[in-house]
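[1] With the input below, show me the fold.
(chains A, B and C)
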Amino acid sequence: MYPFTRDVAKWVVSTGVRDGLLTVFVQHTSASLVMQENADPDVVLDLADFFERLVPENDARYRHTTEGSDDMPAHIRSALTQTSLSIPVIEGRMALGTWQGIYLFEHRAEPYRRSVVLHLLA
Amino acid sequence: MYPFTRDVAKWVVSTGVRDGLLTVFVQHTSASLVMQENADPDVVLDLADFFERLVPENDARYRHTTEGSDDMPAHIRSALTQTSLSIPVIEGRMALGTWQGIYLFEHRAEPYRRSVVLHLLA
Amino acid sequence: MYPFTRDVAKWVVSTGVRDGLLTVFVQHTSASLVMQENADPDVVLDLADFFERLVPENDARYRHTTEGSDDMPAHIRSALTQTSLSIPVIEGRMALGTWQGIYLFEHRAEPYRRSVVLHLLA
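    Next comes the predicted model:
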């Protein structure tokens, strides 16, 4: 899980928008987005472990196996989390709570280049 | 799971909007929305199977049984997926990744007529 | 699970906005939002029970335990549900289906004061 709250916050400031709606949108179906606690790094480790237990990699019942044994679990884990996050922007800043951080949740075993669209409507 | 990306894409083009935010909103609590891979049809079959295993239909612990044994699992599966999808529209088109498709996820056993609201804010 | 659809509906009317996009955003990572059936109160009891079974409180594999045994499950249950809900506003009212209600899902054992941001973009 990769935190990128600071990058998003910087971009929001750079737009000069004071009041609007930010959409964070991931253009993939085997990586997703989550809002999670940003204080204790153990939280996202425990979260990732939970998803590995909930959606096991080697389940003989999967039909979709041609792209690797980690691909179908990646799609399911994506469906259980978010493709987009909607965050109000108030007085030029995201209205996040103190402990909220934005994370990309990579569900494939190999590293991939991932695209996230930031869209701010004022 | 019913794909309807093309219907949404056509509607977006018909509005003439070049830049905005599309909201796809399902007006039900026993059907939901997911963004999933649109290439291999096995993906959505495996996904549906997973949700049937995760949220079994005949669980004696459910209190809410008056609307049929498939109703409470339908509500839970809806809560685990999405009621709305937020998709940026850029240069007149949804900013979807190559493999992303929009699906209605019907959780009841019998077929129902379902309503989805498309809302485009520019 | 605390229903607050009426409070949100009143606020939407008070803004005088006829057409727009409402974002309901919870500023926490151990409480979340769900859209659920508002008719039979058993539905949300069954839903809460399901999440307690799916994400058990006492799992020796959790690393993050310093904030109490109910904290890590709270984060996971939040990740499986929603931080924000996007609801189209049409003709001055939320475009909810007949049975849809908005709920705050408190995942901690003790009561907490929770903040929800309502943001309406027209």
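
[2] Only C-alpha atoms from now on, for both contacts and neighbour counts.
    Noted.

[3] Enumerate the residues of chain A near chain C.
    A:20-21, A:34-37, A:40, A:42-43, A:46-47, A:50, A:80-81, A:85-88, A:95-100, A:122 (Cα under 8 Å from any Cα of the partner chain).

[4] How about the residues of chain A by chain B?
    By the rule Cα under 8 Å from any Cα, the part of chain A lying against chain B is A:23, A:25, A:27-29, A:61-64, A:72, A:75-76, A:79-81, A:83-86, A:117, A:119, A:121.

[5] Residue A:85: neighbouring residues, count only.
    Counted with other Cα atoms under 10 Å in any protein chain shown, residues neighbouring residue A:85 total 25.

[6] Measure how buried the residue lying closest to it once chain neighbours are set aside is and give me the count.
    Using Cα to Cα, 6 or more residues apart in numbering or on different chains and skipping residues adjacent in sequence, the residue nearest residue A:85 is residue A:24, 5.1 Å away. Neighbour count of residue A:24, defined by other Cα under 10 Å: 23.

[7] how near is residue A:24 to residue A:82?
    In this structure, residue A:24 and residue A:82 are 10 Å apart, going by Cα to Cα, to the nearest Å.

[8] quick one: contacts for residue A:70?
    A:57, A:107, A:108, A:109 (Cα atoms under 8 Å, 6 or more residues apart in numbering or on different chains).

[9] Does residue A:72 touch residue A:65 like I think?
    Yes - Residue A:72 lies in contact with residue A:65 (Cα atoms under 8 Å); the separation is 6.9 Å.

[10] what about residue A:117, neighbour count?
    15.

[11] ugh, typo on my part, it should be residue A:81
    Using other Cα under 10 Å: residue A:81 sits among 23 other residues.

[12] Once you drop chain neighbours, what's closest to it?
    residue C:80 (5.8 Å).

[13] and what of residue A:91?
    In space, and not counting its chain neighbours, residue A:91 is closest to residue A:18: 4.7 Å by Cα to Cα, 6+ apart.

[14] May I ask you to confirm that the one you found belongs to a helix?
    No - counting by DSSP: H, G, I helix; E, B strand; the rest coil, residue A:18 is not found in a helix; it is coil.

[15] what residues are up against it?
    With Cα under 8 Å, 6+ apart, residue A:18 has these contacts: A:89, A:90, A:91, A:92, A:93, A:122.

[16] Based on its surroundings, how many neighbours for the residue in chain A that chain C sits nearest to?
    Ranked by Cα to the nearest Cα, the top residue of chain A for proximity to chain C is residue A:97, at 4.3 Å. Using other Cα under 10 Å, residue A:97 has 15 other residues around it.

[17] Can you verify my assumption that it contacts residue C:28?
    Yes - using Cα under 8 Å, residue A:97 and residue C:28 qualify as a contacting pair, with a distance of 5.9 Å.

[18] ok, now which ones touch residue A:121?
    Residue A:121 makes contacts with A:20, A:21, A:22, B:20, B:21, B:122, as judged by Cα under 8 Å, 6+ apart.

[19] Now for those residues: which two are most distant?
    Spatial extent of those (Cα to Cα) is set by the pair A:22 and B:122 at 13.3 Å.

[20] Looking at the two, which is more packed in?
    Between residue A:22 and residue B:122, residue A:22 has the larger neighbour count (other Cα under 10 Å), namely 22 against 13.

[21] Okay, the closest residue in space to that one that isn't next to it in sequence and residue B:121: tell me how far apart.
    Spatial nearest neighbour of residue A:22, chain neighbours left out: residue A:120 (4.4 Å); criterion: Cα to Cα, 6+ apart. Shown here: residue A:120 relative to residue B:121, a distance of 11 Å by Cα to Cα.

[22] Sort the contacts of residue A:18 by pLDDT and name the bottom one.
    Among the contacts of residue A:18, residue A:122 has the lowest pLDDT, at 95.

[23] Who's the closest spatial neighbour of it, skipping the chain neighbours?
    With Cα to Cα, 6+ apart, the residue lying closest to residue A:122 is residue A:20, at 4.1 Å.

[24] That neighbour bridge partners, please.
    residue A:89 (DSSP bridges).

[25] what do you get for residue A:118?
    What pairs with residue A:118, by the bridge criterion (DSSP bridges), is residue A:24.

[26] Find me the pLDDT at it, would you?
    pLDDT, residue A:118: 98.

[27] wait, it sits on residue A:15?
    No - counting by Cα under 8 Å, residue A:118 sits too far from residue A:15 to count as a contact (11.1 Å).

[28] Neighbour count: these two, which is higher?
    The neighbour comparison of residue A:118 against residue A:15 (other Cα under 10 Å) goes to residue A:118, with 16 against 10.

[29] Quick one: residues contacting the one residue sitting closest to the centre of chain A.
    Centroid check for chain A by Cα atoms, centre = their mean gives residue A:33 as the closest residue, at 1.5 Å. By Cα under 8 Å, 6+ apart, the contact set of residue A:33 is A:26, A:81, A:82, A:83, A:84, A:85, A:102, A:103, A:104, A:105.

[30] Residue in chain A with the shortest distance to chain B?
    residue A:27 (4.3 Å).

[31] quick one: which helix or strand includes the residue located most distally from the centre of chain A?
    The centre of chain A is farthest from one residue, residue A:60, which by Cα atoms, centre = their mean lies 27.6 Å away. Under the criterion of DSSP states H and E, residue A:60 resides outside all helices and strands.

[32] okay, it: pLDDT?
    95.

[33] in chain A, which spans are helices?
    Using DSSP state H, the helices of chain A run over A:5-15, A:42-54, A:71-80.

[34] Check the offset of the first one from the chain's centre.
    Here helix A:5-15 shows a centroid-to-chain-centroid distance of 16 Å under the convention Cα atoms, centre = their mean, to the nearest Å.
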